[in-house]
Structure formats: C-alpha cells, structure tokens
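Engineer: next one to model:
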Amino acid sequence: MARDLAADLEMLRTVRAYAQNRDWTRAGAMAERALADGFEHPLLFNVAATRLEQAGRFEEAVQLLERAVTIAPDDVGVRNALAMGLQRVGRPADALGQSDELLRRHPGLGFAHANRANALLALGWLGQARDGHLRALALEPGNVAAMAALASIASHRGQHDEAREWATKVLVLVPNFPDAVLSLAAAELADGAPGRAETLLRQLLVDPRLAAIDWARAHGLLGDVLDAAGSYEAAWAAYAACNERLQRILDRFAADPGPRRYARRLGAAFAGAGCRDWSASAPPATVSAAELGHVFLLSFPRSGTTLLEVALDGHPQVVSLDEHELLTESVTRYLRDSPSLDGLLAADAREIDTLRAAYWERVRHAGVDPAGKLFIDKHPLNTLKLPLIARLFPHARVLFVRRDPRDVVLGCFRRRFKMNAAMYELLTLPGTADFYDAVMEFAELAQPLLGLEWRNVQFESLVADFSGQMRAICGFLDLEPADGLEDFGARARLREHATPSTAQLARGLDRTGAGHWRYYASALQPVLPLLARWVERFGYPA
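Structural biologist: Sure, this is the predicted structure:
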C-alpha cells in the first residue's frame with residue numbers, strides 16, 4: 001500500500017520537535033511505531049537508538065544505527081551516532097573507522113574530530129587523541145567535551161598542571177562535568193591535597209545525572225584519595241564499589257571459560273606436550289637483524305614491567321612498544337580457545353617464517369623501526385604466549401619481573417585498566433588471585449623447557465638499587481651502560497600510550513609502594529593462602 005507522504009512528513013516533524021525538546025519517551029514511541037510499520041528514515045533510527053541507549057540496550061542501538069548508515073551513508077547524524085554507539089559497546093576501532101569516514105565526507109565537523117579523538121584515546125593513542133581534540137577546538141572553540149578530554153589525557157600522563165587548566169575551563173562552563181571533576185581531583189591528589197580531592201568527588205557522586213560508568217570511575221579515584229589519607233578501610237570499600245559497578249556495566253567481557261581458566265588449560269596442554277626442548281625443535285630459518293636484538297618483558301599486570309620498560313627506553317640502542325598485540329596471527333593459529341601445542345611444535349619453517357613476518361609487520365605498522373636496535377616487546381600477559389615466543393623467536397631474551405604477590409594482587413584490584421576479558425578477571429579479589437596463580441604456575445612450568453635466555457628481575461631490588469640493577473640488566477642484554485636511564489619521569493609524560501602506572505612514573509622513582517599490602521591485610525585475608533606459595537617461592541617474608 002502506498003504511503004501518505006504528507007502524513008509521513010508531518011510525523012517526522014513531530015518526532016524532530018519532541019527530540020529537540022528532549023522528550024525521548026514520545027519521540028521514541030513514534031519512531032518505533034513508524035519503523036515497525038516499515039517506514040525507514042535516518043531520524044527515526046537515531047531517535048529509536050537513543051531510546052534504547054537510555055534503557056541500557058546499547059548493542060541493539062548500534063544495530064539500528066548500522067542499518068541507518070546503510071540506507072543513508074551521507075547522513076551526518078546517524079554516522080556520528082553510530083561512532084559514539086560503537087564506543088559505548090567497546091568497539092573503538094570500529095568507532096574510529098566511522099569517524100574517519102564521516103570526516104572524509106565532511107572534514108570541517110569539529111564534533112566528529114572530537115569523537116575520532118575519543119576513539120583514539122580508547123585505543124590508547126594519547127598523542128594522536130590530543131592532536132584530534134585540539135583540532136576539534138580549533139573548529140569549535142566552545143567544545144566542552146574536547147576540553148574535558150584534553151584534561152583527561154594530561155591527567156593520564158601525569159601532567160597535572162595542564163589537566164587542571166583544562167578542567168577549570170570546563171567547570172566554569174559546565175559545573176560538575178564528570179571528566180573535568182575527575183581530572184581536577186587527580187591534580188589535587190597529586191599536589192598532596194586529598195581533602196580537596198575528596199570534596200570534589202563527593203559533590204560529583206551526589207549528582208543525580210551521573211552516569212553509571214562515571215559513578216564507578218569516581219569511586220575508583222575516591223579509593224586512591226582515601227588511601228593517600230590513610231583511611232584504608234574506606235578506601236577498600238570505594239575500590240570494591242567501583243569494581244562491582246564495572247562488573248555489571250561491562251559484563252560483555254565476562255568470557256566463558258575466561259582467561260584464568262584458559263591459563264589452566266594452557267598449562268595442562270603444555271605439560272601434556274612432554275618435556276621437549278622447544279627452541280631446539282625450531283626449524284632453520286632466516287634470522288633478521290632485528291630479531292637478534294629482541295627482548296620480551298613479561299610477568300603479570302602491576303608487577304613493575306612498565307617501570308623497567310620506560311627506564312630501558314632511555315637507552316640510545318633501545319626501542320620499545322608498550323603493550324601492543326603483536327602475536328595476533330600466531331595466537332589465532334595455535335593458542336585461541338583450545339591450545340594446539342602439538343601443532344605449534346610440528347609447524348614447518350615456512351609457517352614459522354610467515355608468523356615471524358606478521359609479527360614484525362605489526363611492529364612497523366605501530367611506528368617502530370627495530371633495525372639495528374634492541375627491541376623490547378613489553379606485555380605482561382604475553383607470559384601465556386611463551387610457547388609461541390620460544391618457537392618463533394628462539395634467540396629472544398626474557399626479562400621476567402617478580403614483585404611481592406600480595407602487592408601485585410592489591411594493585412590489580414585497585415587500578416582501572418583498559419577493559420578486555422583478561423582485565424575483567426581483575427575486578428574481583430578471588431578472580432585476581434586465581435588468575436595470578438595460574439599465570440605464575442604456567443611461567444614456572446614453561447621456563448626450564450623453553451630454552452630461552454631468561455632473567456628474573458625483583459621489583460623491590462630494582463627500586464632499592466636502581467643504578468646497580470640497571471647495570472646488571474644492561475649486561476644481560478649486551479648493552480653498554482648509559483646515562484639517564486633513571487630520568488624516566490619526563491619520558492613517561494610524553495609516552496603515546498598510558499597504563500595505570502604512567503602518571504605515577506611521571507613523578508620519578510617511588511620507593512613507597514613496597515609492602516603496601518599490609519594496610520589491606522584484613523581485606524586480602526581470603527586470598528593470602530593461595531598466594532602463600534608464591535610469597536615463599538619468590539623469597540618474601542610471610
């Protein structure tokens with residue numbers, strides 16, 4: 001049956017009027033009825049998607065917007081909404097693609113530059129995200145979201161004076177803007193004013209408009225503030241509240257069987273493969289100059305790998321790449337879901353060369369030229385990829401950082417990571433401890449069988465005698481001693497990627513973190529028996 005064009009146009013005008021008045025209930029109801037009736041229009045998809053998002057049905061909203069972009073590829077509103085929706089469901093790479101396409105068609109849109117920069121920020125590209133937000137501000141000087149993002153980027157890098165400037169500008173325009181409040185509170189904490197930081201956060205937390213994710217982030221930072229003030233029980237309660245809320249919001253990362261169970265399966269598969277010398281079974285292959293200077297920096301999150309990487313990155317003969325997934329093709333081929341170690345052992349020279357080439361291509365694509373340098377691949381949980389490393393790179397060396405397991409588990413529970421299935425495991429105390437136990441058990445099992453040059457680095461010894469330990473580590477890596485390795489604070493502030501350690505490292509060497517777990521001994525009590533064997537194994541006092 002033919003549609004009534006005049007009635008459709010009147011309906012669209014009405015929906016638009018309701019949406020402009022933020023009456024999403026009536027606008028959404030009309031849009032949903034029209035879509036159900038077979039009338040597809042970008043405005044209707046956009047309004048219906050907004051209604052779904054308000055109900056927390058983000059994946060469904062994205063599906064509607066993807067359909068809208070298909071029928072109206074040049075519509076600015078729906079493509080921009082799709083980019084933002086993809087961000088909300090944890091697909092920043094796809095969001096970046098939509099923003100790129102929008103800017104290809106409409107290069108002068110300031111808000112599109114800001115959304116693109118937010119996708120880059122979610123992917124960890126701090127410098128590029130900063131450039132994007134500055135571009136957005138040049139096009140739209142009053143773009144509050146861009147200013148707030150610039151404050152957040154500076155805060156992540158430990159550049160708290162700059163963060164304070166941006167945050168203050170935002171709060172003049174929009175009081176209690178969450179990102180700005182968090183950046184300003186972090187600056188107050190860095191300046192030694194936890195009381196002022198707590199006041200800011202408490203004011204934010206009573207705002208009825210506060211989104212669930214911002215509520216969680218505010219509680220995580222409140223935990224840091226209370227910890228700095230010595231209120232450890234209250235700090236633990238804040239951390240627990242943050243993690244409990246994040247678990248509910250980010251339950252899409254609750255993988256089954258999950259990374260820690262996968263680690264157990266991998267250990268069983270490795271044991272079942274027999275006591276073979278993995279490096280000796282590597283097929284003959286052409287070894288690149290880059291590969292001869294190749295180091296894997298491994299352990300478990302919050303063990304101190306970032307400190308060691310940033311320090312070594314100051315050596316003129318070293319290049320590094322912080323926590324990039326460089327073994328993707330190899331993992332997909334042999335380790336995804338059900339580990340296939342027999343297949344990995346049986347791989348021929350051509351297969352190994354192909355996987356090596358894919359690795360180095362990813363290194364170069366990330367902007368690093370390893371030729372003539374010692375290349376450091378730092379990714380703590382690549383510990384679970386040790387069989388791949390030994391098979392593909394038998395000449396590589398391993399630096400494995402050990403830290404008091406109780407401080408590691410506490411640090412993982414306290415800090416907010418860029419979320420994925422592995423980091424989702426760290427949102428509960430039992431999950432964190434069990435995951436740690438599984439990873440350390442696998443490392444202990446694998447190390448003597450892999451044939452890799454391996455050096456354990458004790459974190460507490462490194463911070464206590466930084467110069468002496470760095471000389472010894474450089475010797476292990478066949479590097480000449482170099483000046484300035486201890487001046488890593490300035491380098492940390494300029495890093496393209498940030499981890500939960502970056503802002504701390506920007507302040508320089510901190511010796512106060514060792515043994516911090518004792519302040520939380522009561523809260524950690526349920527997992528201390530599981531950690532006891534690693535405490536003893538690594539030589540820490542019980």
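Engineer: okay, CA-based contacts and neighbour counts for the rest of this
Structural biologist: Noted.
Engineer: kindly export stretch 476-490 (C-alpha atoms) in CSV.
Structural biologist: Presented in CSV, the C-alpha positions along stretch 476-490 are these (Å, rounded to 0.1, in the frame of the first residue of the first chain):
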residue,chain,number,x,y,z
PHE,A,476,72.3,-9.4,30.5
LEU,A,477,71.1,-7.6,27.3
ASP,A,478,74.6,-6.9,26.0
LEU,A,479,74.1,-3.2,26.3
GLU,A,480,76.8,-0.7,27.2
PRO,A,481,75.9,1.3,30.4
ALA,A,482,74.2,4.5,29.5
ASP,A,483,73.5,7.8,31.4
GLY,A,484,70.0,9.0,32.0
LEU,A,485,68.1,5.7,32.5
GLU,A,486,66.9,6.9,35.8
ASP,A,487,65.4,10.1,34.3
PHE,A,488,62.3,8.3,33.1
GLY,A,489,59.8,10.8,34.5
ALA,A,490,59.9,13.1,31.6
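Engineer: nearest residue to the middle of this structure?
Structural biologist: Residue closest to the average C-alpha location in the chain (CA atoms, centre = their mean): K418, at 2.5 Å.
Engineer: gap between the residue lying closest to it once chain neighbours are set aside and V318?
Structural biologist: Among residues not flanking K418 along the chain, A122 sits closest, at 7.7 Å (CA to CA, 6 or more residues apart in numbering). Separation of A122 from V318 (CA to CA, to the nearest Å): 27 Å.
Engineer: give me the helices and strands touching the helix or strand harbouring E309, please.
Structural biologist: Using DSSP states H and E, E309 sits in helix 305-312. Applying 3 or more CA pairs under 8 Å, 6 or more residues apart in numbering; DSSP states H and E, one finds that helix 305-312 contacts strand 294-298, strand 318-322, strand 374-378, helix 488-493.
Engineer: what about that helix, average pLDDT?
Structural biologist: The pLDDT scores in helix 305-312 average 89.
Engineer: tell me the gap between it and the middle of its chain.
Structural biologist: The gap between the average C-alpha position of helix 305-312 and the chain average comes to 17 Å, counting by CA atoms, centre = their mean, to the nearest Å.
Engineer: may I have that helix as PDB, with CA atoms only?
Structural biologist: Extracted in PDB, the C-alpha atoms of helix 305-312 (Å, rounded to 0.1, in the frame of the first residue of the first chain):
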ATOM      1  CA  THR A 305      57.100  -4.100  33.900                       C
ATOM      2  CA  THR A 306      56.200  -0.500  32.900                       C
ATOM      3  CA  LEU A 307      58.900   0.900  35.100                       C
ATOM      4  CA  LEU A 308      61.600  -1.300  33.600                       C
ATOM      5  CA  GLU A 309      60.400  -0.700  30.000                       C
ATOM      6  CA  VAL A 310      60.400   3.100  30.500                       C
ATOM      7  CA  ALA A 311      63.800   3.000  32.000                       C
ATOM      8  CA  LEU A 312      65.300   0.900  29.300                       C
END
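Engineer: next, the buried residues of that helix.
Structural biologist: 305-312 (16 or more other CA atoms under 10 Å).
Engineer: returning to that earlier point: what secondary structure does the residue nearest to the centre of the chain sit in?
Structural biologist: coil (DSSP: H, G, I helix; E, B strand; the rest coil).
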